[in-house]
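Trainee: coordinates only, sequence not included:
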């Protein structure tokens, strides 16, 4: 449907050549950039077609009607309608608007009327002159016979100057002012572009807020500068700011069953689908996941194809945010607050976590490493070994008795002696501590839990230690 959006009040005064009307041409809510195409304006009044004038000026996306144009100067005071005729690139003719025309008014100026001074005559002087004429005429005629008594007249309801009938339809053709309260059973407003103007605090301007229907089925609330105004829906709120406000709306709005079947179609004209809808992936395609949801559709403006779609699934815990632009939607799943780690508070995180950047700890004191219980066990020489695990680090200590019975035989491998949970990721040599009696003592700790001796026998007395990483599960 083709519509015309007028910026301003749509009025001019006869002889005022400084006024310019700006209008936006829309085809199914899409702005028509007509500056590159031939365009004329057809003008009519109540009697019919008046004239056609070419459109010579454009401003941004708007066509401009300049009353400094020679033909437009000829328009006399009256109510008019304006229709734009655009010749498209394929030669077709497009006429805006589809229904009716854009109304505007040329008002009378003071110099267009002539006047003259008249002498002051009082109403009493008029009555006295009439009485004198009547008395003079009465004396010239003879008195006739008394007539019959007339019938009783009807009990009329009109006042002396009244024209409004209580029991009949009344048609107002001029501006009427009602200072008191007007009670209406129903109100119908018929016009090519009907609107209601509000004058807050008896403001003298054209309006403070206007409720207007630019096209069938869509009401728009506008400020005097034609920017969108907002509706205050909280009946308990007394606004003293002089500006339109809105509050506590969400709790008062009910959802509607979705009439659309594809979110891509919604994205192409998102301004036509603003509000709350309920539906599901069974009936609506292009959903981010299956299930039933409440959809909150938000447009950036009344004519924009850019906005947001928020889906709150009702049959499972999921919320999706969609950025919509001209037929495309970028869906992002919103995180469940109860299932994510936060900057503050004590929380438990399960599973492995990989950090691609540096991990910086402000204060090491609060860092707690889970520590396993210390384990002691016998080595192959009946000497004691002691293992302690800190996180993934194992500390192993091997104490040897100082006698030759504990001589370590070279190139030997023990049975499995190191318990699961304390074994190294790769073979690890133990360091020598204390006094070695002869030769070089060398013991290797193997990932399978065994111990291996070095290249020669080594009787010694003292201690051997090792510290290594492990991938073993924590011991119970």
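Mentor: That came through, no problem. What you see is a predicted model; the values in this text were computed from it and never measured.
Trainee: How about the contacts made by the spatially most central residue of the chain?
Mentor: In the chain, the centroid-proximal residue (CA atoms, centre = their mean) is residue 298; its distance is 3.7 Å. By CB atoms under 8 Å, 6 or more residues apart in numbering, residue 298 lies in contact with 274, 307-310. C-betas here are computed from N, CA, C, even on glycine.
Trainee: Verify the contact between residue 67 and residue 15 for me.
Mentor: No - in this structure, residue 67 is not within contact of residue 15 by CB atoms under 8 Å, at 9.3 Å.
Trainee: Tell me where the model's unsure across the stretch 1-150 of the chain.
Mentor: 112-121, 123, 138-139, 141-144 (pLDDT under 70).
Trainee: if you set the cut-off to 80 instead, what comes out?
Mentor: The stretch 1-150 of the chain contains residues with pLDDT under 80 at 7-10, 12, 33-36, 60, 70, 110-126, 134-150.
Trainee: Assign a three-state SS to the residue nearest to the centre of the chain, would you?
Mentor: Judged by DSSP: H, G, I helix; E, B strand; the rest coil, the three-state class of residue 298 is strand.
Trainee: what are the bridge partners for it, then?
Mentor: Beta-bridge partners of residue 298, counted by DSSP bridges, are residue 308.
Trainee: Outside of stretch 337-352 itself, which residues are in contact with it?
Mentor: Counting contacts by CB under 8 Å, 6+ apart, no residue outside stretch 337-352 touches it.
Trainee: Check stretch 31-45 too.
Mentor: Under CB under 8 Å, 6+ apart, the answer for stretch 31-45 is 24-26, 49-55, 58, 61, 63, 65, 75, 78-89, 94, 96, 101, 303.
Trainee: rewinding a little: just the buried residues out of the contacts of residue 298, in ChimeraX syntax.
Mentor: Burial among the contacts of residue 298 is assessed by 16 or more other CB atoms under 10 Å; the matching ChimeraX selection reads:
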select :307,309,310
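Trainee: Among the contacts of residue 298, list the two that are farthest apart in space.
Mentor: Maximum pairwise distance in those, criterion CB to CB, is 12.2 Å, between 274 and 310.
Trainee: Now do the residue nearest to the centre of the chain, the pLDDT please.
Mentor: We have a pLDDT of 90 for residue 298.
Trainee: Could you do residue 200 as well?
Mentor: The model reports residue 200 with a pLDDT of 90.
Trainee: okay, now it: neighbour count?
Mentor: By other CB atoms under 10 Å, 14 other residues sit near residue 200.
Trainee: Would you check how far apart it and residue 207 are?
Mentor: Relative to residue 207, residue 200 is positioned 9 Å away (CB to CB, to the nearest Å).
Trainee: to the chain's geometric centre, what's the distance from the longest helix along the chain?
Mentor: Among the segments of the chain that qualify as a helix by DSSP state H, the longest is helix 123-138. How far helix 123-138 lies from its chain's middle: 77 Å, per CA atoms, centre = their mean, to the nearest Å.
Trainee: can you list the residues that contact the very next helix or strand once past that helix?
Mentor: Sequence order places strand 195-198 as the next helix or strand after helix 123-138, per DSSP states H and E. With CB under 8 Å, 6+ apart as the contact definition, strand 195-198 has outside contacts at 189, 206-213.
Trainee: 6 Å - rerun?
Mentor: Outside of strand 195-198, the residues within contact range by CB atoms under 6 Å, 6 or more residues apart in numbering are 207-212.
Trainee: Does anything pack onto the longest helix of the chain? Which helices or strands?
Mentor: If you count contacts as 3 or more CB pairs under 6 Å, 6 or more residues apart in numbering; DSSP states H and E, helix 123-138 packs onto no helix or strand.
Trainee: where along this structure do the helices fall?
Mentor: Listed in chain order, the helices of the chain (DSSP H) span 123-138, 263-268.
Trainee: deepest of these, which one?
Mentor: Across the helices of the chain, the average number of neighbours (mean count of other CB atoms under 10 Å) peaks for helix 263-268, which reaches a mean of 20.
Trainee: now it, how far from the centre of its chain.
Mentor: 15 Å.
Trainee: State the mean pLDDT of that helix.
Mentor: Mean pLDDT, computed over helix 263-268, is 92.
Trainee: What of stretch 451-468?
Mentor: Taken as a whole, stretch 451-468 has a mean pLDDT of 69.
Trainee: how many other residues sit next to residue 324?
Mentor: Residue 324 has 26 neighbouring residues, counting by other CB under 10 Å.
Trainee: sorry, back to before: which one of the contacts of strand 195-198 is nearest residue 124?
Mentor: Ranked by distance to residue 124 (CB to CB), these are led by residue 207 at 44.7 Å.
Trainee: do you know which of the helices of the chain lies nearest residue 284?
Mentor: Comparing the helices of the chain by CB to CB, helix 263-268 comes nearest, at 6.4 Å.
Trainee: what packs against the closest one?
Mentor: Secondary elements touching helix 263-268 (3+ CB pairs under 6 Å, 6+ apart): none.
Trainee: make it 10 Å
Mentor: Packing partners of helix 263-268 (3 or more CB pairs under 10 Å, 6 or more residues apart in numbering; DSSP states H and E): strand 292-299, strand 306-313, strand 319-325, strand 328-333.
Trainee: nearest to residue 225, of those strands?
Mentor: That would be strand 292-299 among the helices and strands packed on helix 263-268, by CB to CB, at 20.2 Å.
Trainee: Check which residues of that closest one are buried.
Mentor: Buried residues in strand 292-299, counted by 16+ other CB under 10 Å: 293, 295-297, 299.
Trainee: Columns distance to residue 109 on top of these, output as CSV?
Mentor: Converted to CSV, the buried residues of strand 292-299 look like this (distance: CB to CB, whole Å):
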residue, distance to residue 109
293, 60
295, 54
296, 52
297, 49
299, 42
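Trainee: what's the farthest-apart pair in these?
Mentor: Maximum pairwise distance in the buried residues of strand 292-299, criterion CB to CB, is 18.9 Å, between 293 and 299.
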